[in-house]
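Colleague: Give the three-dimensional model of this entry:
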Amino acid sequence: MRFIESRLFATTSFLSVATSFLLGLSLPAATRPRYGGTLRVEVHTAAVSLDPREWQMGSLQSAANEKLAELVFERLVALDNYGRFQPALATEWSHDAANKRWRFVVRAGVRFSDGSALNAEDVVVALQPLLPPTAQVSASGNSFLIQSSVPVPDLLEQLASGRYFVYRVTGGGALTGTGPFVLAGAPAGALPSGEKNSTSSRAEPLSGAASGTGGAHLFFRANEDTWSGRPFVDGIDLTLGVPPLRAMFDLQLGKADLVELSPDLVARARQATLRVWSSDPVTLYGLRFDDAQASADARLREALSVTLDRGTMANVLLQKQAEPAAALLPQWLSGYAFLFNVDTNLERAKELRRGIPPNAVGGSEPLRLRVDAPGDLAKLLGERVAVNARQASIFVQVVNRPVANAGARVPAPVDRPSSVHLFAWHYSSLSPRSELESLFAAYNLTVPSEVNATSPDHEQLYARERRILDDRRVLPLILQAESVGLGPSVRDWMPARWGEWHLADVWLEPPEPVAADAVVPAITTAPSSPEPRPAASGANP
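Modeller: Alright, predicted model coming up:
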């Protein structure tokens, strides 16, 4: 079998870009972008970490972390919506025939927000803790080398996504970046007590984490000295921990310019004629079995798999803001997900169930399903799994596990072993091999040694994923997209289809004239001749 290696985006990149373009220009706009104003953003999460070294791969929390880190940090390379690599902090790169030795040239004249110059040593210090143990980084003049013990032909995909940001750790342990914005601070209560948030005469280094109750704010001001050109807005006022319904109301009332939308509110937002943008599917919800439990019975795993009505989960529970999942990686990332198929077959499930001893797990003893993923959606999915399973006389007991504010799991006081877990996995890498590796490592999934675990070849990746799915120790449920609502003043909203927001390219249309007694927010202006911002992120040097 051979696969057409379209990489990531060959089939729908044009449609995605066109949709983003129309979103940016769907209302009458000025003839040229304007500088000034504050972009008001509301997000659901109540806590964020801006230190890439702390992020947990695949967690829903990492999705919010990445979006905010993009404001203050930059990567070495970028990938545009057409699947083309663009230089960012690295201006050129090369590799040997074996794809084990990569050389990158660091862009000259780049400065961190504290005024210090970026050099190759900074890149080495930033990347080494983030790269796998098989890779070592060393500096040589204005360039650096990444030497890997295994071939990494997909290194550019990895460096253009996920946590691979370049930063500098200051003397106080805070982080500073080269990006278009600088964390300028937060009102009292937005940062936890004792949090590092030191300042300097030029800019404010980043604290590693920020958290607070609903309504806490973080303010990012424009970085006037960024090499890529001053962003259009003067600042971004970010509100943490905003409930989904309140966020939509704030957008309708003009109290916010950009808000996260939960799946159940997307249709309602569109009915209210709000501007809505949705990404490609970026989060997988699925079930995974524990090897040590009685649920390791292959008949039970298959029976549960064919009872699941994934179409109802995607179309009813998530109101068509998701799609049924038969694979671990989405089609836009792997290119081969369409080859997997899982149909609901209740008769087959009942037949398998009759072959399982009556006193086994799922019969007289319930199959304990622990919901590891945070949020109400995960709980609803767990309950739907129990309903589907009951139709085949498989009894499932749903256990919702407490979750800390920052997304860390907290064990229950008395936590009996669970046979199956409902998890959520957020895709963060543009390398399908790297993403699959991270998912396998997180859930202790292994494949036979004859399958090449280091190859990015699509046939090898398909073979690895097929082995895991055929064993049914992991059962994909749905693939969920992310959605945001946009205010009427937001222009040039051109995000990446995999979820990056690109807020440095956004500008604000001044409000329409109102009555003299109305309260109109002040619109500040930038210097008379600000440095122009490139048309796309990662512009050519």
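Colleague: switch to C-alpha atoms for all contacts and neighbour counts from now on
Modeller: OK.
Colleague: and Val451, what pLDDT?
Modeller: Val451 is assigned 51 on the pLDDT scale.
Colleague: Check the one 3 residues further on too.
Modeller: With respect to pLDDT, Thr454 has a value of 56.
Colleague: In terms of helices and strands, where is the residue most central in space within the chain?
Modeller: A centroid search over the chain (Cα atoms, centre = their mean) returns Ala63, at 3.4 Å, as the residue closest to the centre. Ala63 belongs to helix 60-72 when elements are defined using DSSP states H and E.
Colleague: which stretches of the stretch 301-450 of the chain form strands?
Modeller: Assigned by DSSP state E, counting those that start in this stretch, the strands in the stretch 301-450 of the chain fall at 322-324, 367-371, 396-400, 420-426.
Colleague: wait, which of those is closest to Arg103?
Modeller: Arg103 sits nearest to strand 420-426 of all the strands of the stretch 301-450 of the chain, at 30.0 Å, using Cα to Cα.
Colleague: and the closest one, what other elements does it pack with?
Modeller: The contact analysis (3 or more Cα pairs under 8 Å, 6 or more residues apart in numbering; DSSP states H and E) places strand 420-426 against helix 60-72, strand 283-289, strand 367-371, helix 376-390.
Colleague: Can you pull out the low-pLDDT segments for the chain?
Modeller: For the chain, the stretches with pLDDT under 70 are 1-31, 185-215, 291-296, 359-364, 401-418, 447-456, 512-541.
Colleague: Quickly list the domain ranges of it.
Modeller: The record's domain parsing of the chain by automatic domain parsing lists 32-73+173-274+487-511+522-541, 76-160, 283-481.
Colleague: about what we covered before: for the strands of the stretch 301-450 of the chain, which one sits closest to Glu224?
Modeller: strand 420-426 (33.0 Å).
Colleague: quick one: strands adjacent to that closest one?
Modeller: As defined by DSSP bridges, the strand partners of strand 420-426 come to strand 283-289 (antiparallel), strand 367-371 (parallel).
Colleague: Identify all contacting residues around that strand.
Modeller: With Cα atoms under 8 Å, 6 or more residues apart in numbering as the test, strand 420-426 has contacts from 57-60, 62-63, 282-290, 295, 367-373, 378, 382, 439.
Colleague: Buried ones only from the residues you listed, please, as a ChimeraX command.
Modeller: ChimeraX command restricting these to the buried ones, with burial defined by 16 or more other Cα atoms under 10 Å:
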select :57,58,59,60,62,63,282,283,284,285,286,287,288,289,290,295,367,368,369,370,371,372,373,378,382,439
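Colleague: how about the helices in this protein?
Modeller: Applying DSSP state H to the chain gives helices spanning 13-24, 60-72, 120-127, 155-159, 244-252, 263-271, 298-307, 310-312, 331-334, 346-354, 376-390, 432-442, 458-471.
Colleague: Between helix 263-271 and the fifth one, find me the angle.
Modeller: Calculated by axes from the mean of the first three to the mean of the last three Cα atoms, to 10 degrees, helix 244-252 forms an angle of 20 degrees with helix 263-271.
Colleague: name the helices or strands packed onto helix 244-252?
Modeller: Packed next to helix 244-252, using 3+ Cα pairs under 8 Å, 6+ apart, are strand 258-261, helix 263-271, strand 483-486.
Colleague: Isn't Arg433 up against Ala463?
Modeller: No: look at Arg433 against Ala463 with Cα atoms under 8 Å: they stay out of range, at 11.9 Å.
Colleague: Look at the two and report which has more neighbours.
Modeller: When neighbours are counted by other Cα atoms under 10 Å, Arg433 and Ala463 differ, and Arg433 comes out ahead with 26 against 15.
Colleague: between the helices of the chain, which one is nearest to Gly83?
Modeller: Nearest of the helices of the chain to Gly83, taken as Cα to Cα: helix 13-24 at 8.1 Å.
Colleague: rewinding a little: adding distance to Asp309, write the helices and strands packed on strand 420-426 out as JSON lines.
Modeller: Output for the helices and strands packed on strand 420-426, formatted as JSON lines (distance: least, Cα to Cα, whole Å):
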{"stretch": "helix 60-72", "distance to Asp309": "24"}
{"stretch": "strand 283-289", "distance to Asp309": "13"}
{"stretch": "strand 367-371", "distance to Asp309": "17"}
{"stretch": "helix 376-390", "distance to Asp309": "7"}
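Colleague: So which of these is nearest Ala327?
Modeller: Distance to Ala327, taken as Cα to Cα, is lowest for strand 283-289 among the helices and strands packed on strand 420-426, at 9.3 Å.
Colleague: circling back: can you redo the strands of the stretch 301-450 of the chain as JSON lines with distance to Leu479?
Modeller: What follows is the strands of the stretch 301-450 of the chain, written out as JSON lines (distance: least, Cα to Cα, whole Å):
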{"stretch": "strand 322-324", "distance to Leu479": "5"}
{"stretch": "strand 367-371", "distance to Leu479": "17"}
{"stretch": "strand 396-400", "distance to Leu479": "21"}
{"stretch": "strand 420-426", "distance to Leu479": "10"}
